[in-house]
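[1] only the shape, not the letters, is given here:
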């Protein structure tokens, strides 16, 4: 599973073949094909498996988040980390490939919907957000859109050094103040 995601991140969708993944994982092509007959099945299983592991890790990290002042900023930092790592980059590769591949799109859309729902649930839980209050659900969704957008913008600009990281931290700190106000209103 890790070898598949690594290939997606390093080689993109077009370079991630079952042969390359089997070689990188150190398994025979026959063993790989026995479990995952197609590239699509292999890649989707890998992303789903690692996504579940990533959410479990996020829930463990959540236990160490501060209570009170600073919690919102810490939650945003954690969400930003979820949207800048290898799993996010692998998902982006799938999104782009699925745009023009109907069969892949049919498989990616439900997977992405589940990841989106789980990320939303986790965010609501960590922020202690009451979505029955006016504007709170929209604020949570805006938060997720912001961290996803920062993850996408970082794909090309992170190579330019610490500027992008400083920019991201500044934006997240500003949004944390805004979000605290929205959640408390």
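    Looks like it arrived, so ask away. What you are looking at is a predicted structure, and each value in this text was computed from that prediction instead of being measured.

[2] need the residues that contact the helix or strand of the chain with the lowest mean pLDDT.
    Here the helix or strand of the chain ranked lowest by mean pLDDT, DSSP states H and E is helix 39-62, holding a mean of 83. By C-beta atoms under 8 Å, 6 or more residues apart in numbering, the residues outside helix 39-62 that reach it are 1-2, 4-5, 8, 13, 16-18, 21, 32, 35-36, 78, 82, 85, 87, 90-91, 94, 103-104, 107-108, 111, 115, 118-119, 122, 125-126. Yep, even glycine has a C-beta here, placed from its N, CA and C like the rest.

[3] how about it: buried residues?
    By 16 or more other C-beta atoms under 10 Å, the buried positions in helix 39-62 come out as 39-40, 42-44, 46-47, 50-51, 54-55, 58.

[4] ditto for stretch 127-134
    127, 129.

[5] how far does that stretch stretch from start to finish?
    Length of stretch 127-134, first residue to last, C-alpha to C-alpha, to the nearest Å: 16 Å.

[6] hmm, who's touching that stretch?
    Taking C-beta under 8 Å, 6+ apart as the rule, stretch 127-134 contacts 71-72, 75, 123-124, 136-137, 139-140, 179, 183.

[7] need those residues in TSV with distance to residue 166 and secondary structure, can you?
    Formatted as TSV, these follow (distance: C-beta to C-beta, whole Å; DSSP: H, G, I helix; E, B strand; the rest coil):
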residue	distance to residue 166	secondary structure
71	22	helix
72	20	helix
75	20	helix
123	24	helix
124	29	helix
136	30	helix
137	31	helix
139	25	helix
140	26	helix
179	20	helix
183	26	helix
